[in-house]
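Enquirer: Quick one: sequence plus predicted model below, questions after.
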Amino acid sequence: MAEVIEHKAYARIGFLGNPSDVYYGNTIAISISNFWASVKLEPSNHLIIKPHPFNDLVEFNSIDHLVIRLESEGYYGGVRLLMAICKVFFKYCKKNNIALHGGNFTLSYDTNIPRQTGLSGSSAIVCAALNCMLDFYKVRHLVKVEERPNLILEAEKELGIVAGLQDRVAQVYGGLVFMDFSKIHMDKLGHGIYTPMDVSLLPPLHLIYAENPSDSGKVHSTVKKRWLDGDEFIRSTMNEVANVAVEGRQALLDKDYTKLASLMNHNFDLRRKMFGDEALGDMNIKMVQVARDVGAASKFTGSGGAVVAYCPDGSEQVKRLEDACKNAGFIFQPVQAVPSFLKDIDVQSSSSK
């Protein structure tokens with residue numbers, strides 16, 4: 001019987017330095033096992049992309065049901081993501097003279113990553129699918145691990161999703177990763193320099209998010225345009241954001257968690273200065289403020305929708321934050337960091353070996 005292949009890709013937290021990954025900066029990200037997407041590949045006579053019974057819903061009880069569903073979940077499920085990575089993967093292999101053996105497959109997926117929470121749900125589906133195809137075609141050793149995040153991002157760009165490489169790097173590598181996206185590396189290599197770190201360096205962290213995020217704000221605002229136009233304030237502030245990750249890396253290595261808390265808060269404050277409250281959204285700001293009101297450090301996990309918090313004063317402060325989140329209607333849970341899950345064959349494919 002033909003082998004069934006299944007892979008998971010986990011949600012991620014942009015821990016420090018975001019959003020400088022799209023501005024030739026530096027970031028630190030964490031892959032977390034709280035949430036994940038899984039993709040299953042089963043050999044079949046025809047190539048089939050299976051719709052998800054909930055996320056790709058096409059049958060409704062009424063027109064009211066259809067409209068309510070679209071307003072809460074949007075128009076798009078995961079089928080388009082699976083199709084896009086199939087196309088991008090095929091074209092990459094063709095361009096790089098990587099032979100793909102014959103045979104078709106059926107792709108299906110599942111996910112429990114909450115929508116619109118800035119935890120990288122879309123890229124998790126794409127990453128898991130890419131891993132399935134690397135194993136199905138037995139070409140994992142031929143596709144460099146540093147280039148895989150680019151393939152995932154390219155698939156998402158096919159669909160008009162605007163994002164940077166950080167999330168995809170975290171999901172390809174797993175664990176805790178420091179990323180250097182400086183222009184010299186991006187121009188020369190086409191990707192950044194990615195350095196895995198030991199997840200045991202992290203202090204206890206907590207995740208705060210809203211079950212039904214309704215006010216995500218226009219998170220990218222005019223910042224990108226202003227940066228491209230050479231706006232001095234945006235450029236210098238974004239450089240500060242990138243430096244937060246550099247300082248954060250050293251703070252983690254030193255286990256200087258007082259410094260780390262300060263950097264988390266500074267990261268959010270810099271983002272707020274650049275983007276403004278209207279772009280960030282009231283609910284997102286409230287999640288940060290709930291944590292700060294009990295003395296916890298806090299910042300966005302991505303562009304909004306969820307917050308990562310650190311309670312430097314320990315368990316009593318954690319309990320106060322948990323209660324405050326409950327009163328505010330937010331979900332609160334411990335962050336479960338995933339160790340790096342790169343295999344020897346992945347490391348061997350690295351161009352930096």
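Expert: Looks like it came in fine. Numbering: from 1, shown residues only.
Enquirer: Any figure for the gap between the closest residue to residue 142 other than its chain neighbours and residue 348?
Expert: Nearest non-adjacent residue to residue 142, counting by C-beta to C-beta, 6 or more residues apart in numbering: residue 98, 5.1 Å away. Heads up, the C-betas are built off the backbone N, CA and C, glycines and all. For residue 98, the distance to residue 348 under the criterion C-beta to C-beta, to the nearest Å works out to 16 Å.
Enquirer: how many neighbours does residue 247 have?
Expert: When neighbours are defined as other C-beta atoms under 10 Å, residue 247 has 18 of them.
Enquirer: With residue 124 instead?
Expert: Applying other C-beta under 10 Å, we find 31 residues neighbouring residue 124.
Enquirer: again with residue 177
Expert: When neighbours are counted by other C-beta under 10 Å, residue 177 registers 24.
Enquirer: surely it meets residue 198?
Expert: No - no contact is recorded between residue 177 and residue 198 when judged using C-beta atoms under 8 Å, the distance being 11.1 Å.
Enquirer: Tell me where the stretch 151-300 of the chain is predicted with low confidence.
Expert: When residues are selected by pLDDT under 70, those of the stretch 151-300 of the chain lie in 212-220.
Enquirer: Tell me where it has helices.
Expert: When secondary structure is read from DSSP state H, counting those that start in this stretch, the stretch 151-300 of the chain shows helices at 166-173, 183-189, 223-228, 232-254, 257-275, 277-280, 282-293.
Enquirer: and if you look at the stretch 1-150 of the chain?
Expert: Secondary structure of the stretch 1-150 of the chain, counting by DSSP H, counting those that start in this stretch: helices at 63-73, 79-95, 121-136, 148-158.
Enquirer: Identify whichever of the ones you listed lies nearest to residue 247.
Expert: Between residue 247 and those, the shortest gap by C-beta to C-beta is with helix 148-158, which sits at 24.0 Å.
Enquirer: elements contacting the closest one?
Expert: For helix 148-158, the packing partners by 3 or more C-beta pairs under 8 Å, 6 or more residues apart in numbering; DSSP states H and E come out as helix 79-95, helix 121-136, helix 166-173.
Enquirer: contacting residues for the residue nearest to residue 142?
Expert: Listed by C-beta atoms under 8 Å, 6 or more residues apart in numbering, the contact partners of residue 98 are 92, 139, 142, 143.
Enquirer: can we see that at 10 Å?
Expert: When contacts are counted by C-beta atoms under 10 Å, 6 or more residues apart in numbering, residue 98 is found next to 89, 90, 92, 137, 139, 142, 143.
Enquirer: Can you read off the pLDDT for the first one?
Expert: If I follow you right, that is residue 89. Here, the pLDDT recorded for residue 89 equals 97.
Enquirer: So it sits against residue 150, correct?
Expert: No - checked against C-beta atoms under 10 Å, the pair residue 89 and residue 150 is beyond contact range at 11.6 Å.
Enquirer: So if I had to pick from the two, which one is more boxed in?
Expert: Just comparing residue 89 and residue 150: by other C-beta under 10 Å the higher neighbour count belongs to residue 89, 25 against 18.
Enquirer: Tell me which of the helices of the stretch 1-150 of the chain sits most buried.
Expert: The highest average neighbour count among these, using mean count of other C-beta atoms under 10 Å, belongs to helix 121-136 at a mean of 26.
Enquirer: picking up where we left off before, return every residue with contacts to both of residue 177 and residue 198.
Expert: In the contact map built from C-beta under 10 Å, 6+ apart, the residues linked to both residue 177 and residue 198 are residue 340.
Enquirer: which strand of this structure spans the most residues?
Expert: Counting residues, the longest strand in the chain under DSSP state E turns out to be strand 26-44.
Enquirer: now that strand against helix 232-254, angle please.
Expert: Inter-element angle recorded for strand 26-44 and helix 232-254: 80 degrees (by axes from the mean of the first three to the mean of the last three C-alpha atoms, to 10 degrees).
Enquirer: next one: strand 26-44 to chain centre, how far?
Expert: On the basis of C-alpha atoms, centre = their mean, to the nearest Å, the separation between the geometric centre of strand 26-44 and that of its chain is 9 Å.
Enquirer: buried sites along that strand?
Expert: Neighbour counts over strand 26-44 (16 or more other C-beta atoms under 10 Å) mark 26-32, 34-42 as buried.
Enquirer: Stretch 205-214 now?
Expert: Neighbour-count burial for stretch 205-214 [16+ other C-beta under 10 Å]: 205, 206, 207, 208, 209, 210, 213.
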